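[1] Give me a model of this one.
(one chain, ligands or ions: 1)
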Amino acid sequence: EGVGVQEYTAVKLRVKEWSPEAAELVKGKIEDDANVYFVPATLRPETMYGQTCCFVGPKISYGLFKVGEKEYYVATKRAAWNMAFQGIFFDSEHFPKTQDQLPTVVEAPGSAFVGTLVNAPLSVHTQGIRILPMETVSASKGTGVVTSVPSDSPDDFATVTDLVKKADYYGIKKEWAELEIIPVIETPTYGKLTAPALVKQLKINSPKDATQLAQAKDLAYTEGFYKGVMLVGEFKGQPVQAVKDKVRKSLLDSGDAFPFAD
Ligand code: A2H
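    Below is the predicted model:
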């Protein structure tokens, strides 16, 4: 964003099954019993119950970075470099002096990972969710990975709608983008599905309607934070404002997420 620091929650989405292309790429490069995680950065940890897929930029370059014993993160090189400075995967002894010294085992465009099945913490879709393409992911923000909560993020809803409509064009299976969108937060103005309501109200037709999407995003965020009530999970029935930090802490404590500043 240029100025200031965002305090994100980076959620750990463990790979259950690689896309055929990614399976080829990682073959022989990582242990058979390694844990690999996509690590989307979010500002709305309280919405993670509603994750239905996870986005990468198809043309953005990603790395698989070794972060520990048989443990790897998928993110942009820029994000991995930031993580190194935040002590997320380095002791001072092995600190990389340049980005080229990051422990990168594979580098590939996001498109190579599309179709990969990951386990998303807190999501009601416990069988896993798919890695899917989102053209509007920014390479210079967060980790370059964005988990999708179409109930509460207008950007995510506009993108999954487009993916379902043009599944063949995107080279995906329609059902990957069509997981059920469950209500996560209720607000007085937009009801139980804030993002779909706003996308309809502002007549947003495409993930590229940047101006209306920015407006929808602001409205959704403000309404959700100040007037939202949780409809699922451990804090069901409680105001978002009161539980946002509790959901975050719970994800951090269980080891399903880590703090990430950018
Ligand atoms: B949020 P800010 Cl439910 N490119 O998480 C594009 N978008 C990115 C990104 C990137 N590189 N990295 C993170 N994001 C998204 C949940 C969510 C988010 C909901 C509602 C609104 C919302 C589920 N997606 O964001 O520009 C991530 O999506 C709207 C503020 O750093 C992250 O939080 O302020 C948010 O944008 C970070 O946006």
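
[2] All the helices of the protein, residue numbers only.
    Using DSSP state H, the helices found in the chain span residues 20-26, 77-85, 154-165, 167-170, 174-177, 194-201, 210-227, 240-253.

[3] For burial, what's the neighbour tally of the closest residue to S111 other than its chain neighbours?
    Nearest-residue entry for S111: P58, 4.1 Å, with adjacent residues in sequence omitted and distances by C-beta to C-beta, 6 or more residues apart in numbering. Heads up, the C-betas are built off the backbone N, CA and C, glycines and all. By other C-beta atoms under 10 Å, the residues close to P58 number 18.

[4] and P58, what does it touch?
    P109, G110, S111, V114, P133, E135 (C-beta atoms under 8 Å, 6 or more residues apart in numbering).

[5] related to what we said a few turns ago, got the helices of the chain as CSV, with mean pLDDT columns?
    Formatted as CSV, the helices of the chain follow (pLDDT from 0 to 100):
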stretch, mean pLDDT
helix 20-26, 98
helix 77-85, 96
helix 154-165, 98
helix 167-170, 97
helix 174-177, 98
helix 194-201, 98
helix 210-227, 97
helix 240-253, 98
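
[6] Using CSV, lay out these together with mean neighbour count and distance to V184.
    As requested, the helices of the chain are exported to CSV (neighbours: other C-beta atoms under 10 Å; distance: least, C-beta to C-beta, whole Å):
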stretch, mean neighbour count, distance to V184
helix 20-26, 15, 29
helix 77-85, 20, 26
helix 154-165, 23, 12
helix 167-170, 14, 25
helix 174-177, 17, 18
helix 194-201, 21, 9
helix 210-227, 17, 9
helix 240-253, 17, 10
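
[7] for the protein, longest strand please?
    Longest strand in the chain, counting residues (DSSP state E): strand 61-68.

[8] Of the contacts of P58, which belong to strands?
    The strands, defined by DSSP E, take in P109, P133 from those.

[9] With distance to the ligand and neighbour count added, can I get the contacts of P58 in JSON lines?
    Output for those, formatted as JSON lines (distance: C-beta to the nearest ligand atom, whole Å; neighbours: other C-beta atoms under 10 Å):
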{"residue": "P109", "distance to the ligand": "15", "neighbour count": "15"}
{"residue": "G110", "distance to the ligand": "11", "neighbour count": "24"}
{"residue": "S111", "distance to the ligand": "16", "neighbour count": "18"}
{"residue": "V114", "distance to the ligand": "16", "neighbour count": "21"}
{"residue": "P133", "distance to the ligand": "13", "neighbour count": "23"}
{"residue": "E135", "distance to the ligand": "10", "neighbour count": "13"}
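
[10] related to what we said a few turns ago, which secondary structure elements does the longest strand of the chain contact?
    The contact analysis (3 or more C-beta pairs under 8 Å, 6 or more residues apart in numbering; DSSP states H and E) places strand 61-68 against strand 71-75, helix 77-85, strand 104-109.

[11] Ok, which of these comes nearest D33?
    Closest to D33 of the helices and strands packed on strand 61-68, according to C-beta to C-beta: strand 71-75, at 10.8 Å.
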